[in-house]
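**Q** mind folding the following:
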Amino acid sequence: MSVETAHQQVPPLRERILRLAAINARDDDYFEQVADVVSGDPGLTGLAFRVANSPAYGATTRSTRLPECLARIGAKRYVGLAIGSGTAIAFGPNSDGDFALWRHAVLVAAGNRYIAFFASDMGLDPDFAFTLGVIHNVGAMVLAQQDPKAYAAVLDQAKFWDGSHIELEREALGTDHVEFGTRVAAEWRLPAEFQEVVRHHHAEPLPEPLAKQPHLLVTKASLAMSELLLGDDQTDGWRQVAAAIESCGVPDCDEQWVLEAAAQINDTAQPDLQVLVDSIQR
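**A** Down below sits the predicted model:
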């Protein structure tokens, strides 16, 4: 694979989705800004109505106005779904391996939201954390879309590979999903926190200026949780997850806490995953 050629072929995200990503999640009028962007785009408006009125999101009555829909979903959570939907349309899964990448991304997003809620002293909004989780693995999604056969082979090899997944990608593709995703995130001009999560989610240890940043600590804890949910080590894997979550300021993460959290994260991820699947199939 030619890295430069692959990079040049990466399509841009829709302009309004990038505008959603660029809204400062700490702004007092965040909801109003999101509503303004969404209201001018039929596709984004339709997504809000579909999600808000879905039984999976607890709809018992039908919302008929956009502000009601966004309030029911949560503006920050909606932005995460919109970014995920836009990325899924551009780089949607074409194989079981691709679908596994999306499932992983949504599990990390749901894990981010869950852990950020319990790590409230860190000041990371749970729904904003969800959005960061959706985008963290964008490099893998793009690589899989650019060269499906080559990346499928990497995913197959990874099942029997004892070393780093990053090293395997570099050996097979001449790049890795972190390096490539970092370039894509910069090309799309995503906000700094998005770019940092894409670039550093596998960094061990985190570079010193960022070592205590909540968005990175929470994402790394969610990655550990995702590995527990998707991996084979259900016996001792919880210890690594507990240590990562405790680094976020959540005390006393024993085995029962971790396993109950894993079950809840897995359950809450399913409606979000279905949103992305529906986006691809439309």
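
**Q** give me the mean pLDDT for stretch 192-209.
**A** Stretch 192-209 shows a mean pLDDT of 95.

**Q** could you report the pLDDT at Q145?
**A** Looking at Q145, the pLDDT reads 82.

**Q** I meant to write C253 there.
**A** So, for C253, pLDDT stands at 94.

**Q** OK, contacts around it?
**A** Residues in contact with C253 (C-beta atoms under 8 Å, 6 or more residues apart in numbering) are V241, A242, I245, E246. Just so you know, the C-beta spots here come from the backbone N, C-alpha and C atoms, and that holds for glycine as well.

**Q** and the closest residue in space to the last one that isn't next to it in sequence, which of the three is it?
**A** With C-beta to C-beta, 6 or more residues apart in numbering as the criterion, E246 has its nearest non-adjacent residue at 5.4 Å, and that residue is C253. Assigned by DSSP: H, G, I helix; E, B strand; the rest coil, the conformation of C253 is coil.

**Q** give me the phi and psi for C253.
**A** Dihedral pair for C253: phi -90, psi 90, per degrees, to the nearest 10.

**Q** do you know how far A150 is from T175?
**A** 11 Å (C-beta to C-beta, to the nearest Å).

**Q** neighbour-wise, which of those two wins?
**A** T175 (21 against 15; other C-beta atoms under 10 Å).

**Q** is it correct that that one is in contact with E169?
**A** Yes - applying C-beta atoms under 8 Å as the test, T175 and E169 come out as touching, 6.9 Å apart.

**Q** which residues do those two both contact?
**A** By C-beta under 8 Å, 6+ apart, the residues touching both T175 and E169 are L143.

**Q** got the contact list for stretch 55-64?
**A** So stretch 55-64 is in contact with F49, V51, A52, N53, C69, R72, I73, Q270, P271, Q274, going by C-beta under 8 Å, 6+ apart.

**Q** just give me the closest of those residues to A22.
**A** I73 (19.5 Å; C-beta to C-beta).

**Q** I'd assumed N53 was in contact with that closest one.
**A** No - at 10.1 Å, I73 does not count as touching N53 under the criterion of C-beta under 8 Å.

**Q** just the CA atoms of the strand or helix carrying L44, as PDB, please.
**A** Taking DSSP states H and E as the definition, L44 sits inside helix 42-52. Taking Å, rounded to 0.1, in the frame of the first residue of the first chain, the C-alpha atoms of helix 42-52 are listed here in PDB:
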ATOM      1  CA  PRO A  42     -31.800  17.300   6.200                       C
ATOM      2  CA  GLY A  43     -29.600  14.300   6.800                       C
ATOM      3  CA  LEU A  44     -28.500  15.400  10.300                       C
ATOM      4  CA  THR A  45     -32.100  16.400  11.100                       C
ATOM      5  CA  GLY A  46     -33.400  13.000   9.900                       C
ATOM      6  CA  LEU A  47     -30.800  11.200  12.100                       C
ATOM      7  CA  ALA A  48     -31.900  13.200  15.100                       C
ATOM      8  CA  PHE A  49     -35.600  12.200  14.500                       C
ATOM      9  CA  ARG A  50     -34.700   8.500  13.900                       C
ATOM     10  CA  VAL A  51     -32.600   8.200  17.000                       C
ATOM     11  CA  ALA A  52     -34.900  10.100  19.300                       C
END
